[in-house]
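# only the shape, not the letters, is given here:
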């Protein structure tokens, strides 16, 4: 239908149809890529015609018989000549005729008898009223029960809404239909009467019903795409690049097993194009067989993360089933099977019915085009691999028939078939019968024909017997072949039984990326009647993209935390501080080794506690000979005369055996059970078994199972080998005992330790705790930090912390890359900002970077006043240090204004630079004809306005020196400079105009120019590099004219690609937040690091002065002389206008505040400019 939809566009002579595909999820994005590959190969969906529909046959018989008499045999031959009825049997035809002639027997009498059947003469004639019924109620399209929306008072038909939406709506509700909003006046039977809401904010109506299933051809294309991507992931290829370059189309076409199911002939409307019989689009069509790079990147990252988690990509050749815990202690079973929802719906219903019969519980289930989910309870336990063999191809049809009788699809299709067969009329007395009445009549009809379907299940034993009735048969057939695909399911099960499909089972602590859609499935995917708010899948914790930290998305999803396992094992093991508690441990475990006793009792007191129990005859020691270990018992377990079982008085005889390899401590109450296991063991010392236990007898298998139950309840994940070494039992008996516990839902099997090789077993309750602790650890890693911790993070991120400061010119370069394009008062740069980040800052390093062409300075924002006289002095003017390759980007975003009221001297300098380009200072003096002092003043004003710049920062320093202290000009300037040690403007390099005229160009459709879009992306990168974590409020500190709306679009696109992380990282900061992966790791470490009470003072002009932005209270004016004091990231006090103001009640004395806020000493080389 994709080509059909697109083909309707530009439906005119010479028009070229165009279409856009809008995927709403990552799974839909993969499906869209598969769709485009189908288009490129010229494939079409196969049209399936229903086979001999008996309900339509009934309608045709009534219509034909109501117009004239028909010979029964002739009419049967006529019907069989139609293609859908070519395989119609005479028995089926006769059953329909019988139904129409006899009608239905109800408590209200016989009804719906529509024809006369002359069985003697084999004639068919219509009854009275049959003709009118066929004319008014005929048709094959079923009624959808929608309500008509009528505009009052004009009675204009507006549209239709779903019945459920109409019934749940009230008068006064406003909803949107089309491109207008409507207010509901009242809801009548089948009609919603509305008036124009005149643009008031509306709600969105909803529609309920079955979702259309994906076709077999598209499902096959999705599977082929996944298989091709899996091959490239296994070989280490870049999948995103492969998808973006268009190699996908050729690779898939070559790998198709049997070629396309259907081929399309493509004819383009342009002149000169010819039909391509191969089914591929001609090259002249301008077809670009490649995905957009951002879409290819999302697909590549999504499926790569799934591959790393599951070890494979599910396809029609590889099925993957995953099992995971939810937060209620239950489990979710997800079967990844990209066969389309018709097959998956059948598979899910049959599996749900099989689970119901096996465990006697009704389970929640859902099915989409790519997966099935079944919500398990706490009592369900089974080997995960066996799920693939739960259904048999020979019995699945009968099982599915019993399952679908309780599904909504059966009652819906019964009503459709009843109306199509004219058993339930659509019109009566010239008026349409309301949908609720049609449902009631069809239900009454079903009760007469198939009473077991509506009967109370408490009175039904075994399967419900299906009556031999045409409508029941047709309804079941519609469910099996229309809503579902039973033939396709049977073929899949046969392929599994033959081993043609690879089956993979994985136990995971949290869902794989591919499971997110099925776990959040919408109501149309549900296979049971539980509403959305009651779905057990809502209790599944799904990791967000931001929570994977610096790891690639999907890494480690299938690994339980080793620390969580260790913690649960430690907590589950019993602790004994006295003899009674040690006795409880013995009762729980059954047998305990000497090491177990020491572990339980803390080592030193272990022997004393055990001696106490032995003296009190509450415990003893059991010595197990080697024969028991090897399974070759010398004595029979059931012979009291030889096995040392209790005598009538309850005493136990000790057996002497020198070949002892292990000793167990046991409680007196457990002796009977233990002796059933270790038949040839001796007891030392003897003890009296309690009378309550003497009469009990144990089967060996039951005793082994109970012994394993006690051990597993306190031990965490264990292997059979580990249990064999501890319990001295044969491996076969341990395996049988664990399987028995698994059938009870007590233990689960899998590989739970990281890098585990052998299969492990774990108590279900303990495994759920391990899962929760693993999830809690992941949550704790991404728990949002406080504003105080975020300040601490920024101090570390921007190298303000003393321990993180950089050194030398290269360190200075890294700081300038972070502050690229950030405008600060000129006087603050070297005196307060760079010196706070670079140890032993030397101004020559900055000059060297400027002369090398790596760094430049300028005012990039537009001044508020274009009049040079009204402009701020150069010392307080905002000046940015930028990377030279980014200058044009910052100018593109700064919305430049050009001074139009310049002085004569300023204009002369401007004219000289415009006519001659970049000039040295002496050249400017000569070309402008001005005095050197006038040129200095003009350059100072033009720099403050953002009109000129120079090659070196030394020129700005020279302009900061008072005119009466500046070096004089002349031939001996070098000697005088060395004598005064002051910067000279003559050594500033060349001066040039900063701005060329930059137009904010837009394309014809109003979209941004590519230059501005590139500049926005560059600014988004720099902002992330500056703060590590970005959100809307941080833009208040920036001077460039960039909106969060523009940045948000870029960040969301990068997040979808997996380049950055989105989430909630900073508590107290509202709105979307985005972070670099490496910043998340530093955030975690800062949050975990203890506070040390460190005091830090920054200039208020520093970009980290976020008081009033991140923290409450008024802002602190960003002047160089103002200062802010922090203690462990918390603003404590501020120095403004020479006065100290406290900001918070931190434990800092007034003396400490006053001392910390004093301006520090400047380097001697900076004092002449910034003191």
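Okay, I see it. Predicted model only: the values in this text are computed from it and were never measured.

# can we go C-alpha only for contacts and neighbour counts from here?
OK.

# pretty sure residue 418 sits against residue 58.
No: when contacts are counted by CA atoms under 8 Å, residue 418 is not listed as touching residue 58 (10.0 Å).

# helix or strand for residue 297, which one?
helix 293-310 (DSSP states H and E).

# average model confidence for the next helix or strand after that helix?
Where DSSP H and E defines the elements, the next helix or strand beyond helix 293-310 is strand 318-325. Mean per-residue pLDDT for strand 318-325: 91.

# what pairs with the following helix or strand past strand 318-325, parallel or antiparallel?
Sequence-wise, the next helix or strand downstream of strand 318-325 (DSSP H and E) is strand 331-336. With DSSP bridges as the test, strand 331-336 is paired with strand 318-325 (antiparallel), strand 371-376 (antiparallel).

# can you say which of the ones you listed is nearest to residue 87?
Between residue 87 and the strands paired with strand 331-336, the tightest spacing by CA to CA is seen for strand 371-376, at 34.8 Å.

# avg pLDDT for that closest one?
The model assigns strand 371-376 a mean pLDDT of 92.

# buried ones in it?
371, 372, 373, 374, 375, 376 (16 or more other CA atoms under 10 Å).

# what sits up against it?
330-338, 344-345, 348, 352, 363-367, 515, 518-519, 536-537 (CA atoms under 8 Å, 6 or more residues apart in numbering).

# so how far is it off the chain centroid?
Remark: strand 371-376 is offset 17 Å from the chain centroid, using CA atoms, centre = their mean, to the nearest Å.

# point out the other helices and strands that the following helix or strand past that strand packs with.
Later in the chain than strand 371-376, the nearest helix or strand by DSSP H and E is helix 396-404. For helix 396-404, the packing partners by 3 or more CA pairs under 8 Å, 6 or more residues apart in numbering; DSSP states H and E come out as helix 341-359, helix 486-497.

# can you rerun that using 10 Å?
Where contact means 3 or more CA pairs under 10 Å, 6 or more residues apart in numbering; DSSP states H and E, helix 396-404 is packed against helix 341-359, helix 408-420, helix 470-478, helix 486-497.

# and the helix or strand where residue 57 lies, what does it pack onto?
Residue 57 belongs to helix 54-65 when assigned by DSSP H and E. Judged by 3+ CA pairs under 10 Å, 6+ apart, the packing partners of helix 54-65 are strand 70-71, helix 72-80, helix 90-102, strand 115-118, strand 123-126, helix 130-137, helix 408-420, helix 470-478.

# quick one: list the elements packing against the shortest one.
It refers to strand 70-71. Counting contacts by 3+ CA pairs under 10 Å, 6+ apart, strand 70-71 is packed against helix 54-65, strand 123-126.

# still on that earlier bit, just name the closest of the buried residues of strand 371-376 to residue 821, please.
Nearest member of the buried residues of strand 371-376 to residue 821, counting by CA to CA, is residue 371, at 49.3 Å.

# quick revisit: now the buried residues of strand 371-376 as a markdown table including distance to residue 881?
What follows is the buried residues of strand 371-376, written out as a markdown table (distance: CA to CA, whole Å):
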| residue | distance to residue 881 |
| --- | --- |
| 371 | 54 |
| 372 | 57 |
| 373 | 56 |
| 374 | 59 |
| 375 | 59 |
| 376 | 61 |
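
# which two among those are spaced furthest apart?
Largest pairwise distance in these, by CA to CA, is 16.0 Å, between 371 and 376.

# give me the neighbour count for the closest residue in space to residue 721 that isn't next to it in sequence.
Distances taken as CA to CA, 6 or more residues apart in numbering put residue 731 closest to residue 721, at 7.4 Å, once the chain neighbours are dropped. By the criterion of other CA atoms under 10 Å, residue 731 has 17 neighbours.

# residue 731 touches residue 704, doesn't it?
No: taking contacts as CA atoms under 10 Å, residue 731 lies outside contact range of residue 704: 11.6 Å.

# mutual contacts of the two, please.
Counting by CA atoms under 10 Å, 6 or more residues apart in numbering, the contacts common to residue 731 and residue 704 are residue 737.

# before we move on, back to that, tell me which of the helices and strands packed on strand 70-71 sits nearest to residue 568.
Comparison of the helices and strands packed on strand 70-71 against residue 568 by CA to CA identifies helix 54-65 as nearest, at 61.9 Å.

# what mean pLDDT does that closest one get?
Helix 54-65 shows a mean pLDDT of 94.

# how far out from the middle of the chain is it?
The chain centre lies 51 Å from the centre of helix 54-65; the measure is CA atoms, centre = their mean.

# just the buried positions in that helix, please.
For helix 54-65, by 16+ other CA under 10 Å, it's 54, 55, 56, 57, 58, 59, 60, 61, 62, 63, 64, 65.

# do the same with stretch 1127-1138
For stretch 1127-1138, a neighbour-count test (16+ other CA under 10 Å) marks 1127, 1128, 1129, 1130, 1131, 1132, 1133, 1134, 1135, 1136 as buried.

# check stretch 25-42 too.
Judged by neighbour count (16+ other CA under 10 Å), stretch 25-42 contains these buried residues: 26-27, 29-42.
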